[in-house]
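S.K.: below: sequence and its predicted model.
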Amino acid sequence: MTNIKVIIPAYNEADSITHVINAIPNTVNEIIVVSNNSTDNTEINAKKAGATVLKECNKGYGYACLKGMQYIANQNEEPDIVVFLDGDYSDYPEELTKIVAPIINNDIDFVVGVRTKELREKGAMTVPQIFGNWLATTLMGLFFRAKFTDLGPFRAIKYNKLLTLNMEDKTYGWTVEMQLKALKQKLTYTEVPVNYRNRIGVSKVSGTLKGAIFAGIKILGWIFKYSLK
């Protein structure tokens, strides 16, 4: 049986985290919620729902993901696949089976869930998000001949391949760093269309002008950094 671990970075997602955990297929071996300095009941609700709960006091999406990876690295048995999923219930966790299928069935290294317009609820992605995704993936196509069309956070990767990426971004650049490094290391990859709805609560990144600007700068910074290597 395939050993699958799910890492969920969560900052003040008390209203959504239980929905997310309960919708994850029971084929998953462990759900790891990393509370990114939450001040609400995120941790309590996640524990009640059956997840392993970790605390990461340094605020930042990448910090939380790295905390989850550190926890997995200290376990006796390595997983086969790690899935990253947001804690805001904008993705459909039950579609995890679609995300991991190319890895299990076709030996693909890395899969990104793509929030296509046809499957996206109206208003689920802001204009800055849509433009930022288009710009980032277009630049990756120009510089690296990449076929990516989204920087979607719902993604799966073989654990041994994840380790080779040596992930380091602590904040907004985590997703694009993973995709750029996957390209550089010539990992096999594919995209899977996924449904996407309006999140529960307010986005900590795209919901603010400051967040959107900083995310854009970080993403473009990673792309140009790798284009010069």
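M.R.: Yep, that arrived.

S.K.: just the CA atoms of the helix or strand that contains residue 192, as PDB, please.
M.R.: Using DSSP states H and E, residue 192 sits within strand 189-193. Extracted in PDB, the C-alpha atoms of strand 189-193 (Å, rounded to 0.1, in the frame of the first residue of the first chain):
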ATOM      1  CA  TYR A 189       5.600  16.200 -14.000                       C
ATOM      2  CA  THR A 190       2.000  16.700 -15.000                       C
ATOM      3  CA  GLU A 191      -1.000  18.800 -14.100                       C
ATOM      4  CA  VAL A 192      -4.500  17.600 -13.000                       C
ATOM      5  CA  PRO A 193      -7.500  19.900 -13.300                       C
END
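
S.K.: let's number from 37 now, not from 1
M.R.: Yes, from this point I'll number from 37; that puts the last item at strand 225-229.

S.K.: return the list of helices and strands in contact with it.
M.R.: helix 132-142, strand 146-150 (3 or more CB pairs under 8 Å, 6 or more residues apart in numbering; DSSP states H and E). Every C-beta, even on glycine, is put in place using the N, C-alpha and C of the backbone.

S.K.: just checking, what packs against the helix or strand following the last one?
M.R.: Using DSSP H and E, the helix or strand that directly follows strand 146-150 along the chain is helix 163-180. If you count contacts as 3+ CB pairs under 8 Å, 6+ apart, helix 163-180 packs onto helix 210-220, helix 245-263.

S.K.: save the ones you listed as a markdown table, and put in mean pLDDT too.
M.R.: Converted to a markdown table, the helices and strands packed on helix 163-180 look like this (pLDDT from 0 to 100):
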| stretch | mean pLDDT |
| --- | --- |
| helix 210-220 | 94 |
| helix 245-263 | 69 |
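
S.K.: so how far is residue 65 from residue 114?
M.R.: Using CB to CB, to the nearest Å, residue 114 is found at 11 Å from residue 65.

S.K.: any common contacting residues for these two?
M.R.: Common neighbours of residue 114 and residue 65, using CB atoms under 8 Å, 6 or more residues apart in numbering, are residue 39.

S.K.: and stretch 174-185, how far apart are its ends?
M.R.: Distance between the two ends of stretch 174-185: 8 Å, counting by CA to CA, to the nearest Å.

S.K.: quick check: buried residues in that stretch?
M.R.: For stretch 174-185, burial by neighbour count (16 or more other CB atoms under 10 Å) applies to 175, 176, 180, 182, 184, 185.

S.K.: re earlier: tilt between the strand holding residue 228 and helix 132-142?
M.R.: With axes from the mean of the first three to the mean of the last three CA atoms, to 10 degrees as the basis, strand 225-229 and helix 132-142 are set at 150 degrees to each other.

S.K.: roughly how far out does strand 225-229 sit from the chain middle?
M.R.: Taking CA atoms, centre = their mean, to the nearest Å, one finds strand 225-229 lying 14 Å from the centre of the chain it belongs to.

S.K.: hmm, who's touching it?
M.R.: So strand 225-229 is contacted by 134-135, 137-138, 142, 144-150, 152, 154-155, 183-186, 215, 218 (CB under 8 Å, 6+ apart).

S.K.: in PyMOL, select just the buried ones from the residues you listed.
M.R.: Of the contacts of strand 225-229, the buried ones can be selected in PyMOL as follows, counting by 16+ other CB under 10 Å:
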select buried, resi 134+135+138+144+145+146+147+148+149+150+152+155+184+185+186+215+218
